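**Q** Okay, here's the prediction I keep looking at, along with the sequence it came from:
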Amino acid sequence: MEVVPLTDADEVGRIAADVVETVVRRRADAVLGLATGSTPLPTYRELVRRHRASVGPSYARVRCFNLDEYVGLPAGHPQSYRATIARELTDDLGIAPDRVHGPDPAPDGLADAGARYEAALESAGGVDVQLLGIGSDGHLAFNEPGSSLGSLTRIKTLTEQTRRDNARFFGSLDDVPRHVLTQGLGTILRARHLLLIATGAGKAEALAAAVEGPVSASCPASVLQHHPHVTVLVDEAAAGRLERRDHYREVYDAKPAWQGL
Ligand code: GLP
C-alpha cells in the first residue's frame, strides 16, 4: 500500500486525475471503477476540466462500472448513483450511457442483481483502476462494518450512521434509502489498481484504522491491506491520525520518477 500525503482536496483531485488519465492513455478501452460521494468530486471536476480544454485523453471507448446503488429510489432519481455519475462525470467526458454500468436496483430482479453485476464485470475483463472513498465508519462502497472480507455484489442494509452521513443529499433522513446494492469487498479486491482518496478531518480516524490498524471486518476498508496495488491519496486533515505520516512523505519525496503511482 502506498500512502501519498498531499496538501488539500484540490491536490488530491489533480493527482487522482493524473492516475485515471494515465490508465486511459495506456488503454483506450480501459475499464474505470467509479465511486460516488463528495470525495471524488474534485477529481471528476479536474478530469472534466482537462477534457474540455482538450488536454485529456479520449474517453470514447472507455467503459465504467459504478461501485454501488441505492435500492428503492424511482428510476432516474437525481440521487441515484447512476444519475449522479452521469451528471458529475461521464456525460461531460462524452462516455455514452450504455458504457456506464451499475448494479440494477429494479425491484423484480434484486435476488440475482448481484450475480448479474459480477458477470458483467467479468465479461468486461475486470476493472483497471477503481476509485474509492471511505465512509466515516470505515465502509468501502456500501460494505458496512461486519461485511465479509470476501463478499461479492449483493444487497445490504445501511447503518444509521451512513444514512445520517448521506442525508445531506436528500430532503431528510427519512428519504435516505435503507437498502443498497454494492460491490462486495471481494469484488473490489479484483480490480487491478485501487485508488483510495480521503480528504477532511472527518475521515482521519477511519483512514488510520484502514491503513495502520488490523485487517478486520469491523473496518471494511482495512481489507485493502491484502491488495497488491493500492494507492491512498490523502490530504493533511485526513492524514491527521496516521502514525507513519512522516515516513509516507519521505517515501513519496524519494520516489523515482519512472515508477509512477
Ligand atoms: C457513500 C458511498 C461510498 C463513499 C462514502 C463516503 O456512502 N457509497 O462509496 O466512499 O459514502 O462518501 P463521501 O465521499 O461523501 O464522504
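**A** That came through, no problem.

**Q** Report how many residues lie close to the nearest residue to V48 once chain neighbours are set aside.
**A** Counting by C-beta to C-beta, 6 or more residues apart in numbering, V48 lies nearest to D92, which is 4.4 Å off, once chain neighbours are set aside. (Glycine included, C-beta is placed from N, CA and C.) Residues near D92, counting by other C-beta atoms under 10 Å, number 17.

**Q** Then D253?
**A** The burial count assigned to D253 is 8, neighbours taken as other C-beta under 10 Å.

**Q** tell me the contacts of the residue in the stretch 101-250 of the chain that the ligand sits nearest to?
**A** For the stretch 101-250 of the chain, the residue closest to the ligand is G133, as judged by C-beta to the nearest ligand atom, at 2.6 Å. Residues counted as contacts of G133 (C-beta atoms under 8 Å, 6 or more residues apart in numbering) are 35-37, 39-40, 196-198.

**Q** Next step: these restricted to strands.
**A** Secondary structure from DSSP state E places 196-198 of those in strands.

**Q** quick one on the thing from earlier: could you export the contacts of G133 to a markdown table, including columns for pLDDT, distance to the ligand and neighbour count?
**A** Output for those, formatted as a markdown table (pLDDT from 0 to 100; distance: C-beta to the nearest ligand atom, whole Å; neighbours: other C-beta atoms under 10 Å):
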| residue | pLDDT | distance to the ligand | neighbour count |
| --- | --- | --- | --- |
| A35 | 98 | 5 | 23 |
| T36 | 97 | 5 | 28 |
| G37 | 93 | 3 | 20 |
| T39 | 97 | 3 | 25 |
| P40 | 98 | 7 | 24 |
| L196 | 98 | 9 | 26 |
| I197 | 98 | 8 | 29 |
| A198 | 98 | 8 | 27 |
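
**Q** Pick the one among those closest to G76.
**A** The nearest member of those to G76, counting by C-beta to C-beta, is T36 at 15.8 Å.

**Q** List of residues touching the helix or strand of the chain with the lowest mean pLDDT?
**A** Scoring the helices and strands of the chain by mean pLDDT, DSSP states H and E places helix 160-166 at the bottom, with a mean of 92. Contacts with helix 160-166, where a contact means C-beta under 8 Å, 6+ apart, come from 135-137, 139, 142, 144, 158, 173, 176, 178.

**Q** Going by neighbour count, which of those residues comes out on top?
**A** F142 (29 neighbours).

**Q** in this structure, which spans are helices?
**A** Here the chain has its helices, by DSSP state H, at 9-26, 41-52, 81-85, 110-123, 160-166, 185-189, 204-212, 245-253.

**Q** mean pLDDT lowest for which of those helices?
**A** Between those, the one with the least mean pLDDT is helix 160-166; it has a mean of 92.

**Q** Any residue of that helix touching the ligand?
**A** Yes - judged by C-beta under 6 Å from any ligand atom, helix 160-166 and the ligand are in contact via 162, 166.

**Q** same deal with stretch 20-33?
**A** No - contact of stretch 20-33 with the ligand (C-beta under 6 Å from any ligand atom) is absent, the minimum separation being 10.6 Å.

**Q** what's the span of stretch 188-199, first residue to last?
**A** End-to-end distance of stretch 188-199 (C-alpha to C-alpha, to the nearest Å): 21 Å.

**Q** I misspoke; the intended subject was stretch 96-105.
**A** Stretch 96-105: ends 20 Å apart by C-alpha to C-alpha.

**Q** next one: stretch 198-211
**A** End-to-end distance for stretch 198-211: 12 Å, by C-alpha to C-alpha.
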